[in-house]
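In: next comes the sequence, and after it the predicted model I'd like to discuss.
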Amino acid sequence: MEIKIAPSILAADFSRLKEEVVLLEKCGADLIHCDVMDGNFVPPITFGAQTVMAIRPHTRLPLDCHLMTLHPGTHIDDFVRAGANIISVHVEACGIYTPAILQEIQSRGVRACAVINPETRAEDLFPTMPIADMVLVMSVHPGWGGQKFIPESIEKIRSLRTHAQKIGRPDLDIEVDGGINEENVKEVIAAGANVIVAGSAIFSSPDKKAIISRLRG
Ligand code: DX5
Ligand code: ZN
């Protein structure tokens, strides 16, 4: 499968977001991962749809909006209007309504993704997989960049790829987010992930083009 690299702008210089996304596109990024945190679902507050709208004119890359918010269903319209191309919502926030919220996102012409935290079982994503455009495994506890990759995530990715094959969606995008670096990315890809989020690994590197190409595995 094609490997896509999604740099997380959580690690960017927020005073220069325009220049940062322009540079990421130039350096070969496939998506721009936007970490939206509400101070409730996770303790920190980052930014919302207004910031996504501000960067929208400066890149042609899809904006991958990861909503770490308690009531993601109430923000869909704002993010669609802001120009999001993918909206990801947490199973821990949406519960049994996750498939309905994914359909709501898709009805606005935007790709929909379901996310699980490290303490949530891979099986809890299974009911979303017949309809989701992507599923996302958090490989750190959401809220902060720069944490250490949780090794149990590998088994979850493997079981999601196996399930995707079983339900006739072998090419379903499986994204992984948190603590990814040059050392662990090969194992993550081998387990079946094909969309790789990386924040600190990319932004701490002096050569973003080189690190993005090495993260392709
Ligand atoms: C964590 C965010 C991640 C984070 C990844 O809550 O969802 O996207 O920015 O950053 P690194 O790659 O530094 O773990
Ligand atoms: Zn994220």
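Out: Arrived safely, thanks for sending. Ligands and ions are numbered 1, 2, ... in the order given.

In: going forward, measure contacts between C-alpha atoms and count neighbours the same way
Out: OK.

In: for the spatially closest residue to Thr98 that is not a sequence neighbour, what are its contacts?
Out: In space, Thr98 comes closest to Val91 once its chain neighbours are excluded; the distance is 6.0 Å by Cα to Cα, 6 or more residues apart in numbering. Val91 makes contact with Thr98, Ala114, Val115, Ile116, Asp124, Leu125, according to Cα atoms under 8 Å, 6 or more residues apart in numbering.

In: just those residues: which are in helices?
Out: Residues of these located in helices (DSSP state H): Thr98.

In: what segments of this structure are strands?
Out: Using DSSP state E, the strands of the chain run over residues 4-7, 32-37, 63-68, 86-90, 111-116, 134-138, 173-177, 195-198.

In: mind putting the ones you listed into JSON lines with distance to Pro57?
Out: Below are the strands of the chain laid out as JSON lines (distance: least, Cα to Cα, whole Å):
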{"stretch": "strand 4-7", "distance to Pro57": "18"}
{"stretch": "strand 32-37", "distance to Pro57": "13"}
{"stretch": "strand 63-68", "distance to Pro57": "11"}
{"stretch": "strand 86-90", "distance to Pro57": "16"}
{"stretch": "strand 111-116", "distance to Pro57": "19"}
{"stretch": "strand 134-138", "distance to Pro57": "24"}
{"stretch": "strand 173-177", "distance to Pro57": "25"}
{"stretch": "strand 195-198", "distance to Pro57": "22"}
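
In: and the two most separated of the contacts of Val91?
Out: Thr98 and Ile116 (11.2 Å; Cα to Cα).

In: if we can go back for a sec, out of the strands of the chain, nearest to ligand 1?
Out: strand 195-198 (3.7 Å; Cα to the nearest ligand atom).

In: number of residues surrounding the nearest residue to Ala198 once chain neighbours are set aside?
Out: Nearest residue to Ala198, sequence neighbours excluded (Cα to Cα, 6+ apart): Pro7, at 5.0 Å. Counted with other Cα atoms under 10 Å, the neighbours of Pro7 add up to 29.

In: follow-up on the earlier one: between Thr98 and Ile116, which contacts overlap?
Out: By Cα under 8 Å, 6+ apart, the residues touching both Thr98 and Ile116 are His90, Val91.

In: and the helices in this protein?
Out: Under DSSP H, the chain gives helices at 17-26, 49-55, 76-82, 91-94, 98-107, 153-166, 185-191, 200-203, 208-215.

In: tell me the residues of this protein that contact ligand 1?
Out: 8, 10, 35, 142-147, 177-180, 198-201 (Cα under 6 Å from any ligand atom).

In: now a PyMOL select for only the buried ones of those.
Out: Here is the PyMOL command that picks out the buried ones among the residues of the chain next to ligand 1, judged by 16 or more other Cα atoms under 10 Å:
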select buried, resi 8+10+35+142+143+144+145+146+177+178+179+180+198+199+200+201
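
In: gap between Glu119 and Met53?
Out: From Glu119 across to Met53, the span is 32 Å (Cα to Cα, to the nearest Å).

In: more neighbours: which of the two?
Out: Taking neighbours as other Cα under 10 Å, Glu119 and Met53 compare with Met53 leading, 18 against 13.

In: find the nearest non-adjacent residue to the more buried one, please.
Out: Ala82 (4.3 Å).

In: burial of the one you found, as a residue count?
Out: Counted with other Cα under 10 Å, Ala82 comes out at 19.

In: nothing else from me, thank you.
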